[in-house]
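In: Next comes the sequence, and after it the predicted model I'd like to discuss.
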2 protein chains.
Amino acid sequence: MNSYIALSMKDKIRQDSIEPLLDYFDRLIPLNKEEKELVAAKFHARLFRKRQYLLQEGNVCTQCYFVIRGCLRMYLIDDKGSTHILQFAAESHWINDLGSFHSQHPSALNIDALEDTMVFQISRDDLVAVYIKAPKFDRIFRVLSENNFVGLQKRLLQYVSSSAEERYQSFLETYPDLVNRLSQTQVAAFLGITPEFLSRLRNRRSKLSNPKKS
Amino acid sequence: MNSYIALSMKDKIRQDSIEPLLDYFDRLIPLNKEEKELVAAKFHARLFRKRQYLLQEGNVCTQCYFVIRGCLRMYLIDDKGSTHILQFAAESHWINDLGSFHSQHPSALNIDALEDTMVFQISRDDLVAVYIKAPKFDRIFRVLSENNFVGLQKRLLQYVSSSAEERYQSFLETYPDLVNRLSQTQVAAFLGITPEFLSRLRNRRSKLSNPKKS
DNA sequence: CGCGACGTTGATTTGCCTCAACGATTGTGG
DNA sequence: CCACAATCGTTGAGGCAAATCAACGTCGCG
């Protein structure tokens, strides 16, 4: 039965190709043939099942992941045992703990799969080799990193300047497609509120938009 | 009188050189002679007086600043009129609104000087030219951007997982040198609390460490 | 079927905010 | 160099957003 699953996973991987990743790079900054071959050589397909860890706190983050299908989350568990989600990563998004990845120090973060998820992954050593062989990737990842920084900055600003209700509203608008795929517990852990309070917020909202039912 | 001040400022600028910036780059990734000349040609010294704006909300952020002497802050003013400080930038630190800088859209942020401050600045067009002429700067700014991202991520995590008191403690440990240069109003606006509450926190702490005085 | 995660609701608590007042410090124009 | 205004730090009283704790029904899954 184990081998049956393994076979099935390999089959799924074969059906997918690296095209989405190549397209992604190409759209950002056009690649030539050698650069595409480099990507194909250094990135490796991998399938993670729901609930499976990609990174567990205390370990070094050795890989950088690009999601082809499925959904991942990266989160911290604090002293009180609460979960704080830093980011989700669905199709065509990147995820890794950049701090641990570069410093090679143990990470305080976890990454796991919210759905069965297929990724292309690259190790730190391979990524460094890519930078050396094709400097264009320095530019590509500079742009990616800058975009991520801007996004994170917006989120921090939202966090410090808005109420939980405003943040929830903004989350609905920013990730309309993601919302249906996530449990409310996950959404609450991302917004930085308790599931109970999110439930009350939703209740209030539905009463406002449809006040008939007392 | 105006010309007297202007002269004084120019004198101050002449006394400083671009060496600290060159050293900064060189320490990150060694530069050759042409690259150093490129930096010297494209970055320009400028002096801002205390309270002077480098960027005002509604305007496009056209410059990227590296602080040689002094201290800057970048902040948002929200609907209720509260100030939220995203970052300080003292000696050897960078500051700009990257989102506005790259998109060329009006910024929602302000940058101003907390002390008389000398910077080296580069315009977006010049920076793009630098990237094209010397791809090494793609790598340099990739690394810088990644480091900034990691730092911001830590701050967001702190923000969602710690109390105001813990954040203040951590701020004292992270920026021990900055604390003396900032008013408590500035510190509070950075921590995301009111000045009144910060005052109470400090009061509590001093009582704990020296409980003699009732 | 039975167990464990999830979502909801109620009662209570609390961390931090708001508003207001006051002295101390800073800075500024006359 | 002084007078006055403005800003800053502190303290008190009261309020509110969101957390906590607990109970309960529902659903998906082994």
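Out: On my side now, so go ahead.
In: now the angle between helix B:136-161 and the lengthiest helix in chain A, please.
Out: Longest helix of chain A, by residue count under DSSP state H: helix A:136-161. Interaxial angle of helix A:136-161 relative to helix B:136-161 (axes from the mean of the first three to the mean of the last three CA atoms, to 10 degrees): 30 degrees.
In: Secondary structure element holding the closest residue to residue A:162 other than its chain neighbours?
Out: Excluding the flanking residues, the one nearest residue A:162 by CB to CB, 6 or more residues apart in numbering or on different chains is residue A:170, at 7.2 Å. To be clear about C-beta, it is placed using only N, CA and C from the backbone, and glycine gets the same treatment. Assigned by DSSP states H and E, residue A:170 belongs to helix A:164-174.
In: hmm, that helix in reach of DNA strand C?
Out: No. Helix A:164-174 lies out of reach of DNA strand C by CB under 7 Å from any atom of the strand, never closer than 11.8 Å.
In: could you say what helices and strands that helix packs with?
Out: Under the contact definition 3 or more CB pairs under 8 Å, 6 or more residues apart in numbering or on different chains; DSSP states H and E, helix A:164-174 sits against helix A:136-161, helix A:184-191, helix A:195-209.
In: Just the C-alphas of that helix, formatted as CSV.
Out: Written as CSV, here are the backbone C-alpha positions of helix A:164-174 (Å, rounded to 0.1, in the frame of the first residue of the first chain):
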residue,chain,number,x,y,z
ALA,A,164,-9.6,43.3,13.2
GLU,A,165,-12.8,43.9,11.2
GLU,A,166,-11.0,46.1,8.7
ARG,A,167,-8.2,43.6,8.4
TYR,A,168,-10.7,40.8,7.7
GLN,A,169,-12.5,42.9,5.1
SER,A,170,-9.2,43.7,3.4
PHE,A,171,-8.2,40.0,3.5
LEU,A,172,-11.4,39.1,1.7
GLU,A,173,-10.7,41.6,-1.0
THR,A,174,-7.0,40.8,-1.3
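In: Buried residues, it. List them.
Out: For helix A:164-174, the neighbour count (16 or more other CB atoms under 10 Å in any protein chain shown) marks A:164, A:165, A:167, A:168, A:171 as buried.
In: any idea which of the residues you listed is closest to residue A:67?
Out: Proximity of those to residue A:67, judged by CB to CB, is greatest for residue A:171, which lies at 19.2 Å.
In: gap between the residue lying closest to the closest one once chain neighbours are set aside and residue A:184?
Out: Counting by CB to CB, 6+ apart, residue A:191 is the residue found nearest to residue A:171 once chain neighbours are left out, at 6.3 Å. As judged by CB to CB, to the nearest Å, residue A:191 and residue A:184 stand 10 Å apart.
In: Looking at these two, which is more packed in?
Out: Using other CB atoms under 10 Å in any protein chain shown as the criterion, residue A:191 and residue A:184 rank with residue A:191 on top: 22 against 13.
In: re the thing from before, would you single out the least confident of the helices and strands packed on helix A:164-174?
Out: Across these, the stretch with the lowest average pLDDT is helix A:195-209; it has a mean of 89.
In: I'd like the distance from that helix to the chain centre, please.
Out: Distance, stretch centre to chain centre, for helix A:195-209: 27 Å (CA atoms, centre = their mean, to the nearest Å).
In: Show me which residues of chain A sit near chain B.
Out: Proximity of chain A to chain B is confined to A:76, A:78, A:82, A:84, A:86, A:98-99, A:102, A:131, A:135, A:138-139, A:141-142, A:145-146, A:148-150, A:152-157, A:159-162, A:192 under the rule CB under 8 Å from any CB of the partner chain.
In: same thing but at 6 Å, please
Out: Residues of chain A lying close to chain B by CB under 6 Å from any CB of the partner chain are A:76, A:78, A:84, A:98-99, A:135, A:138-139, A:141-142, A:145-146, A:148-150, A:152, A:156-157, A:160-161, A:192.
In: Can you select the buried ones among these for me in PyMOL?
Out: Burial among the residues of chain A next to chain B is assessed by 16+ other CB under 10 Å; the matching PyMOL selection reads:
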select buried, chain A and resi 76+84+98+99+138+139+141+142+145+146+148+149+150+152+156+157+160+161+192
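In: contacting residues around the residue nearest to residue A:94 when sequence neighbours are not counted?
Out: Nearest non-adjacent residue to residue A:94, counting by CB to CB, 6+ apart: residue A:66, 5.6 Å away. Residue A:66 makes contact with A:21, A:94, A:120, according to CB atoms under 6 Å, 6 or more residues apart in numbering or on different chains.
In: from memory the first one sits against residue A:120, does it?
Out: In other words, residue A:21. Yes. The criterion here is CB atoms under 6 Å, and residue A:21 meets it with residue A:120 at 5.2 Å.
In: Now do stretch A:178-193: everything it contacts.
Out: For stretch A:178-193, the surrounding residues in contact (CB under 6 Å, 6+ apart) are A:71, A:83, A:85, A:164, A:167, A:168, A:195, A:198, B:160.
In: Grab the most central residue of chain A for me.
Out: Nearest residue to the geometric centre of chain A (CA atoms, centre = their mean): residue A:89, 2.2 Å.
In: Pull the contacting residues for it.
Out: Neighbour list for residue A:89: A:67, A:72, A:95 [criterion: CB under 6 Å, 6+ apart].
In: Within range of DNA strand C, give me the residues from chain A.
Out: Listed as neighbours of DNA strand C in chain A under the rule CB under 7 Å from any atom of the strand: A:183, A:184, A:185, A:195, A:196, A:198, A:199, A:200, A:202, A:203.
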